[in-house]
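Chemist: With the sequence up front, the predicted model follows.
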Amino acid sequence: MYNNFVIFPLELFWRKTQCFLSLAVFGRAIHAIARISDEFWFDPVEKGSVLPVFRCVNVLERNVEKCSISTNPSEHHITFQLLCRHGVVKTYNLTFQECDPLQAVFAKHMCPNILKVHSRLLADVMIHFPTSQEEITLSVTPMKVCFKSYTEEDTDFSRTMLTEIQLSPEEFDYFQVGVDSEVTFCLKELRGLLAFSEAASVPVSIHFDRCGKPIAFSIEDLLLEASFILATLCEAEKEAASPEPACCPRPWDSSKTGMDKSDQTSMDGASNADTAASRKPQQKGNTPSRNSAKPPSALAKQEVENIPRGTERDVPGRAGAAMAKAAGGEATEAPYEKFHSLFFGAISYKEKEAIGDTFQSLVTASDTEESGALQSSQVL
Amino acid sequence: MRFRAKIVDLACLNHFSRIINTIAKLAKTCILRLTVCKLYFILSDKVANGGASMWCELSQGNFFDEFQMEGVAAEHNEIYLELVPENLSRALKTAQNAKAVKIKLTNKHCPCLSVAVELPSLSSSSRIVTHDIPVGVIPRRMWNDFREPSVPDFDVSIYLPALKTMKSVVERMKNLSNFIVIEANLSGEMNLKIETDLVSVTTHFKDLGNPPWASEDGCQSSAQGRDLESMAEACIDIKKLQQLLAGQQVNPTKALCSKFNSSACEFQLNIVRKRIVHFILLHEEVSLQYFIPAVA
């Protein structure tokens, strides 16, 4: 096993130097991820250099017979080869850069609220919101489900059109609401997953808790599993101090601002005041979308690991204050640190038994233009 | 002030949506005037609008199954609201298979038109989508700004050719020039002309027919004194013309809605030489007038 993780699973390349995968699905996955970020775990160096390879999914489906992905770690080269009809072979060579992985785990089954619905319904709901709508709020009680445009205190209502959709629990394939909650998350980026799941025509599961805790949208199918985990806005006024922070600090320094905030909150009992001040979500550019796509033929099904509380977290660069805060049970620090990740796992028909593998989902936080911290979620 | 209305018939809803889409293409912001019998969409000829103005009139009975309004005062039983028609268009866009659409004037965070769309769903209860469109209430002292424009004393009045044809001609001309000259005469001939340093292009239409206009003394002889061949022309901003034509949705020839039997429509054009061009689109259920001033 390699010591340095490159950004996609090396196990794959330890066992095989090449892998083949279902193009349409992979191409669509790339499109979904491209909606979130210019950076993609496949190519952190050049923005958007992978998307063009898979740009036109329909054309791909018609002309390409196979796609092979191989890597040459010593030369930092990844090669996509599209083997098309009539003997045409298109080869794309892209460079990559190694980076340190972060571990991100989200225990879906610990969420009190679980909704499962066909992707078609979600698409029908989201179509009512304008494409420019950044965030929406999902509000649930055991009696109803409501998606509405997110508004904050300084929203100019005289200029903003607000939309709200009410659904009955009966519309859901599975409906479990353990706790009434109202969570706000980023719609824009979710649309990528919605488009992907609609194309794959699979149901979408939504796992969430109270506001401040992440919400996960996942789809699962025989060959693949994908999850989008989004941070939710933490309303300082509503937030009950959660025993663990929803987000964990990013391990390197560009998060100085974030560190300051968390230092303050850890030391200052009135954490609400500080968190309220830093409430404005650091949206744009603050989207570390990650993905650890595993082509179907190679790997075992990725189980989302349930790491018990108290496990040491991978936060090497972080100040001790943050850790102390975590242990001390303060409310979350800067309330809307965004975290997104897409885990794209797939089942290999050959290796189903390898579930015990400590295969780790590799998540890397990208650099951001903003000084705000990026967090990786380690909600348990 | 109160207003509530409901549309249940799908064909009426679609027709209403089409009209709103047309309005949205012509004006970023406009005035919605509500009276007991009619709705008006008004764009006044302020400089901000590039001098173009619009007057669109609908009979509410042709669209709504329920319509109740109470104006600002008993003797002024009308409501004037300023809104962004694009918002209304968006709210209605996804209501294509709605069971019902209700529109209400509300005041949540600010005065709004709340559009509640009841959609069919897989379960026993419907899905309800509510859009709150912010509106500005226009005070009565400003109502005079939005009176119906009078038909100008035109030089020529002519029926337009098929809008589709005219639209494709104008769209291509738009690539070459910012201004277009429209000229027409009383013999049913109309020309669209553009002229640049490199090229001049003219498209000729004939046999269009001229609408009859009764003159003040009730007879139609006023036209006879004039030279039937002479062209009246006006040079206008081509983008405005293109927006007007682009906003016209294709109308099916058969009945659109049970409330009326035909979709007969007339499109005519009045030209005041070098001053203004006045388009009139008349449907049985709705009339739209659009004024484009001539550029010097």
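Modeler: Sure, I can see it.
Chemist: how many other residues sit next to B:Lys25?
Modeler: For B:Lys25, the neighbour count with other CB atoms under 10 Å in any protein chain shown is 19. No exception for glycine: its C-beta is placed from N, CA and C like everyone else's.
Chemist: Can you give me the buried ones in stretch A:66-83?
Modeler: Neighbour counts using 16 or more other CB atoms under 10 Å in any protein chain shown place A:Cys67, A:Ser68, A:Ile69, A:Thr71, A:Ile78, A:Phe80, A:Gln81, A:Leu82, A:Leu83 of stretch A:66-83 among the buried residues.
Chemist: Narrow these to those in helices?
Modeler: Using DSSP state H, the subset of those located in helices is empty.
Chemist: what does the lowest-mean-pLDDT helix or strand in chain B rub up against?
Modeler: None of the helices or strands of chain B scores lower by mean pLDDT, DSSP states H and E than strand B:265-272, at a mean of 85. With contact meaning CB atoms under 8 Å, 6 or more residues apart in numbering or on different chains, strand B:265-272 is reached by B:151-160, B:163, B:182-184, B:190, B:211, B:232-234, B:251, B:277-284, B:294.
Chemist: Show me just the buried residues among those residues.
Modeler: B:154-160, B:163, B:182-184, B:190, B:232-234, B:277-284, B:294.
Chemist: and A:Cys186, bridged to which residues?
Modeler: For A:Cys186, the beta-bridge partners are A:Glu135 (DSSP bridges).
Chemist: For the chain, give me the ranges with low pLDDT.
Modeler: No chain was given, so I picked chain A. For chain A, the stretches flagged by pLDDT under 70 are A:1-51, A:56-58, A:60-61, A:72-73, A:97-105, A:235-380.
Chemist: let's do chain B instead
Modeler: B:47-49, B:214-226, B:249-265.
Chemist: returning to that earlier point: just the C-alphas of the least confident helix or strand of chain B, formatted as CSV.
Modeler: The C-alpha coordinates for strand B:265-272 follow below in CSV (Å, rounded to 0.1, in the frame of the first residue of the first chain):
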residue,chain,number,x,y,z
CYS,B,265,-56.9,38.0,-33.5
GLU,B,266,-55.7,41.1,-35.3
PHE,B,267,-52.4,42.7,-35.3
GLN,B,268,-52.2,46.1,-36.6
LEU,B,269,-49.8,48.9,-36.8
ASN,B,270,-50.3,52.6,-36.8
ILE,B,271,-47.5,54.9,-37.8
VAL,B,272,-47.2,58.5,-37.1
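Chemist: Okay, angle between the helix or strand that it is followed by and strand B:265-272 too, please.
Modeler: Heading C-terminal from strand B:265-272, the first helix or strand you meet, by DSSP states H and E, is strand B:276-283. On the basis of axes from the mean of the first three to the mean of the last three CA atoms, to 10 degrees, strand B:276-283 is oriented at 170 degrees to strand B:265-272.
Chemist: for the least confident helix or strand of chain B, which positions count as buried?
Modeler: By neighbour count on 16+ other CB under 10 Å, the buried set for strand B:265-272 is B:Cys265, B:Phe267, B:Gln268, B:Leu269, B:Asn270, B:Ile271, B:Val272.
Chemist: now, which of those sits nearest B:His109?
Modeler: Top of the list for closeness to B:His109, among the buried residues of strand B:265-272 and by CB to CB, is B:Cys265 at 40.3 Å.
Chemist: residue boundaries of the helices in the stretch 101-250 of chain A?
Modeler: Here the stretch 101-250 of chain A has its helices, by DSSP state H, counting those that start in this stretch, at A:119-126, A:187-200.
Chemist: what does the first one contact?
Modeler: To tie it back to what came earlier, the one meant is helix A:119-126. A:147, A:165, A:167, A:171, A:187, A:190-191, A:194-195, A:197-198, A:200-204, A:219, B:122.
Chemist: so what's B:Leu81 up against?
Modeler: Here B:Leu81 is in contact with B:Ile31, B:Leu32, B:Arg33, B:Leu34, B:Leu105, B:Pro111, B:Leu113, B:Val135, B:Gly136, B:Val137, B:Ile138 (CB under 8 Å, 6+ apart).
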